[in-house]
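Asks: Provide a 3D model corresponding to the input given below.
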Amino acid sequence: MADKIKTGTILIEEGALLPESLRFESEPYSKAWRLVENLDSRGLDRTIREAGWTFFYMAGGVSATAFGSDLEKTTRRAVKKVLASMKWDRLNCLEIAQVVVKRFLGLLYVTVSTHPRHIQQSMFLSHAERPAERDRAKLAA
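Replies: Model (predicted):
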């Protein structure tokens, strides 16, 4: 799994509103996020634009470092720290910008740098509600 987390890897929030024509393989990564397989950020951007939707790149990134002895577990822990610290709670996507693996006194540490992304139909960024809130609003209407 550690080799799946690399520059260009995309994580999409579980339940994110996506175009019906958008088809890609994904696998669960953490509680509320899925790892997009076989598509990097460029490929996903092209596919989303072909569907008439917009794939926003948000300025400002989030980084986290984790220490451990196992590369896969340490990388996963660093990514989970990033997801937990994200202040952009209404964005539905995350791009891995860089993964740095180093050792200090024999201890492995991994730093993961990311950029928040957002997929939506409009070309104007709107911070839509979370999927559950959106569904409740539709039911109430």
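
Asks: all the strands of this protein, residue numbers only.
Replies: Remark: strands assigned in the chain by DSSP state E are 10-13, 25-30, 33-37, 54-57, 62-68, 93-104, 107-120.

Asks: give me the buried positions along stretch 45-60.
Replies: For stretch 45-60, the neighbour count (16 or more other CB atoms under 10 Å) marks 45, 47-48, 51, 53-56 as buried. In this view, the C-beta of every residue, glycine as well, is placed from N, C-alpha and C.

Asks: same question for stretch 21-31.
Replies: For stretch 21-31, using 16+ other CB under 10 Å, the buried residues are 24, 26, 29.

Asks: any regions of the chain where pLDDT drops low?
Replies: Counting by pLDDT under 70, the chain shows low-confidence ranges at 1-3, 87-89, 124-141.

Asks: deepest-packed of the strands of the chain, please.
Replies: Highest mean neighbour count among these (mean count of other CB atoms under 10 Å): strand 10-13, with a mean of 22.

Asks: pretty sure residue 45 sits against residue 56.
Replies: No. Counting by CB atoms under 8 Å, residue 45 stays clear of residue 56, with 9.9 Å between them.

Asks: re the thing from before, from the buried residues of stretch 21-31, which is closest to residue 103?
Replies: residue 29 (25.0 Å; CB to CB).
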